[in-house]
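Novice: got a predicted model here, sequence first, then my questions.
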Amino acid sequence: MATPTARFCIARHLFFSRKPAINIFPLSALPIATIATIGQGRWRNTFSHIFQECADRRALGPGKQAHARMIVSGFEPTIFVTNCLMQMYVRSSTLDCARILFDQMPQRDTISCNILIFGYSGSGNMSAAQLIFDSMLEKDVITWNSLISGYLQNGNHGTSIGIFLQMRRAEIMYDHTTFAILFKACSALENIDMGIQLHGLAVHMGFNFDVVTGSAIVDMYAKCKKLGESLQFFLEMPEKNWVSWSAVIAGCVQNDELVSGLELFKEMQKEGVGVSQSTYASVFRSCAGLSALRLGSQLHAHALKADFGSDSIVATATLDMYAKCHSLLNARNLFNSLPKHNLQSFNAIIVGYTRNDQGSEAFKIFQLLMKSDLGFDEVSLSGALSACAVLKGLLEGMQVHGLTIKSTFRSEMCVGNAILDMYGKCGALIDARRVFDEMEIRDAVSWNAIIAAYEQNGNEMETLSLFVLMVRSRMKPDEFTYGSILKACAGQQALNPGMEVHNRIIKHGMCSDSFIGSAIVDMYCKCGKVEEAEKLHNRMEEQTIVSWNAMISGFSSNELREEAQRCFSQMLEMRINPDDFTYATILDTCADVAAVGLGKQIHAQIIKQELQSDVYITSTLVDMYSKCGDMEGSRVVFEKAANRDFVTWNAMICGYAHHGHGKEALAIFEEMQLMGVEPNHATFVSVLRACAHMGLVKQGFYYFNAMSSEYMLDPKLEHYSCMVDLLGRSGQVSEALSFVRKMPIQADDVIWRTLLSSCKMQGNVEVAEEATKSLLQLDPEDSAAYILLSNVYANAGMWGEVSKMRKMMRYGGLKKEPGCSWIEVKSELHLFLAGDKTHPRRKEIYENLNALIAEMKWAGYVPSKDYVLEYGDTEYELQEELVSCM
């Protein structure tokens, strides 16, 4: 043991240490005062008791005093007492003192080493913990568990698994703690295979009946996206506690089975199991995801009755639920009623208001935060800056920017991006530029951020000027810089600036870089120079998936769909594995030409590569099948989708609406709302179209008004067009015209053409004339307007007006665009135009067409002459002309 001099030095260090004590309790709260009256025989029990109590309370001050008294008294501590003292220092986060004790111990046992391993692991010093571990001659299960847990806590999940394998080779018997730690590692890694193996080992050793191990297994399966297995194991557990219930409920929420999570919570209450913070957080998250405001309010009352009203974690989760359910009044009332606010509750209400486009209220809450003593973090600043962006409040944004400059979060990337976004959305490019210029560190990300600000405001030349400034400042552009500049040029279809950047890339010999090469190909494609893009693509040394995707997308966006499919075939021949973007793009080309055969082949490839769970691909498959007319196939893909986002729902609703299945479309929309998926503008276009097909005028207006009142979506021209179509199909043509006149935005040609088509169906000449007049003002060469009005006149028997229309078209040199159709036969696409004479098998086609017409005449078919086509030709006359093409 240490000499008397050394003891005095340690005592002095304990009493006069500059390190502040934490959680100091009054001496009267601990039995230290009894030390003087206790005999020497009871020193060991008394000191061990005091150190243990100080460790439990994390009372460093009284613990140091007891340690000093022990040294001064001359008491020689046993290994057990020293271990208790070390435990006190470790629990109080004073590892230096614990290490001094450890080094001075004349004898140590396994517990001594375990305490120090535990302490170093908790402080993140795994190298020191590993050294202690390696120096031990004897290790027990606690030793191994401490090291495995330490690596897990510090994010070294793979290492923790490796230590376990060493433990197994050392033939150390596991306990329930071992399995609990390892299942957490599998959860973090989402390594289901390892988890299944560990589960089998736990069953073999009989630990599957242990409630601690069982709870960890439930959590592991859920976090590895195997919710079915998690639920099955949970139901088979012989004993369940609140940890088990919390794990399975959280697992349902994490796997988007929100309703199941709420049902399990209900069962948990029937079993009389107590509720924890994490359980409430999960169920409130479920309510938020389902927009289940009523249920969320009931659960809020449940939490209050369970005395969780003052709990900050539960209160923050409740507040977040109200905000995401668009009940900002309740969210604000809850926020105001909190006995004590923390930073997280402020951040939750700020972000809630911002997400609901109530930037003004969000900024007011941020001001309240500034008046408190809670401070702020990067989330607070980002939320406030986003609120200013929603407000387009330049002045408020500048104030927050000033606060950011004074804070330590100035260098945070998310804050910097929020500042640039705020200035960009407020149109203050000069201020955005000033922020950029004042940045202490400017890298490629910084340049890309300022480019985005200029790009959002349509200033392509300034974007290029920024690049020039970057070069002049002697900062060498990297591949990401060139990629960002080329992307800006591509987005604005600025070919000349893009070519200048391309020239500079050539001069600096960076064309061989696959990332830059792909960006160049993409730029030329989006600027309409597909041939040049293909030449560059073919000359690339390394044709990556990005460059192939750029070419396929370029062909597709320039309506060269067959070329896109050819490029896709070449890509497969080069043994380049397509990714989700490749499949989505090529499926779009199949949808555009209704090539369902090719679409099914690509679908089969997707299944083979196990990409069908990708929500992006799923949405495109749903869209492809519906556009090819296979609604059954579209619904099957939709129902089997592992993940659905708003695009998936929109594709299904749009497909049904497009094919006239209004009832099914509205049913999907209702289900979408039940699942808590927020509809967007595209959703309501399909919903209103479905109402039009079914003639549901009242319901259509309800959805139209709900856009702005419930979902904060301002109707756009396409929504007004759907409403005009809805009124027209229901025979309310005059009301449709009145609706157009009252629109807050000017009607475009689509709306007037929709109204004119409705007049054709309803035979309203007066409204048709006004619609045609307005349509021709927008596009004097619109031949469809003349044709539609001619048909309206023909229906009304106004043949003189029909003749006038024919003369006006003839004198104006206008012609009706020929009809076009296509079919796919044996993976080959056949395109047909009205009066087409170019098809290689035209003779056989017209012979069969002639036979069909003859059968129609024999069956008594009489062509209708009510619908006048181009220059007054009737449908019958055109059919006769087609036969003459043989």
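Specialist: That came in fine, so what should we check first? Residues are numbered from 1 along each chain as shown.

Novice: give me the most central residue, this protein.
Specialist: D645 (8.7 Å; C-alpha atoms, centre = their mean).

Novice: quick check: closest non-adjacent residue to it.
Specialist: V615 (5.0 Å; C-beta to C-beta, 6 or more residues apart in numbering). C-betas here are computed from N, CA, C, even on glycine.

Novice: quick one, what contacts the residue nearest to the centre of the chain?
Specialist: Residues counted as contacts of D645 (C-beta atoms under 8 Å, 6 or more residues apart in numbering) are V615, S619, V677.

Novice: in TSV: the residues you listed, plus distance to M205.
Specialist: Converted to TSV, the contacts of D645 look like this (distance: C-beta to C-beta, whole Å):
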residue	distance to M205
V615	40
S619	45
V677	44
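
Novice: possible to save those as CSV with neighbour count, distance to S721 and secondary structure?
Specialist: Formatted as CSV, the contacts of D645 follow (neighbours: other C-beta atoms under 10 Å; distance: C-beta to C-beta, whole Å; DSSP: H, G, I helix; E, B strand; the rest coil):
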residue, neighbour count, distance to S721, secondary structure
V615, 16, 29, helix
S619, 25, 24, helix
V677, 21, 24, coil
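
Novice: and which of those is nearest L831?
Specialist: Comparing these against L831 with C-beta to C-beta places S619 closest, at 27.9 Å.

Novice: roughly how far apart are that closest one and E229?
Specialist: 27 Å (C-beta to C-beta, to the nearest Å).

Novice: so L831 sits against C820, correct?
Specialist: Yes: assessed by C-beta atoms under 8 Å, L831 is found in contact with C820 at 7.0 Å.

Novice: compare those two and say which is more crowded by neighbours.
Specialist: L831 (13 against 10; other C-beta atoms under 10 Å).

Novice: is that one located within a strand, as I assumed?
Specialist: Yes: when classified by DSSP: H, G, I helix; E, B strand; the rest coil, L831 is found to be part of a strand.

Novice: that one pairs with what?
Specialist: W822 (DSSP bridges).

Novice: all helices of the stretch 751-886 of the chain, in order?
Specialist: Along the stretch 751-886 of the chain, the segments classed as helices by DSSP state H, counting those that start in this stretch run 765-778, 783-795, 799-812, 842-858, 875-884.

Novice: what are the buried residues along the third one?
Specialist: Which is helix 799-812. E801, V802, M805, R806, M809 (16 or more other C-beta atoms under 10 Å).

Novice: re the thing from before, now render the contacts of D645 as CSV, adding distance to G375 and pLDDT.
Specialist: Below are the contacts of D645 laid out as CSV (distance: C-beta to C-beta, whole Å; pLDDT from 0 to 100):
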residue, distance to G375, pLDDT
V615, 38, 87
S619, 42, 91
V677, 36, 87
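
Novice: tell me which of those residues is nearest to L536?
Specialist: Minimum distance to L536 across those is 30.9 Å, recorded for S619 (C-beta to C-beta).

Novice: just checking, the closest one touches A651?
Specialist: Yes: with contact defined as C-beta under 8 Å, S619 reaches A651; the gap is 5.2 Å.

Novice: closest to V203 among the contacts of D645?
Specialist: Nearest to V203 among the contacts of D645 is V615, at 34.8 Å by C-beta to C-beta.

Novice: measure that closest one to A651 for me?
Specialist: Taken as C-beta to C-beta, the span from V615 to A651 is 11 Å.

Novice: in the strand or helix carrying Y423, what's buried?
Specialist: Element membership of Y423 [criterion: DSSP states H and E] is helix 413-425. Across helix 413-425, burial judged by 16+ other C-beta under 10 Å covers V415, G416, N417, A418, I419, L420, D421, M422, Y423, G424, K425.
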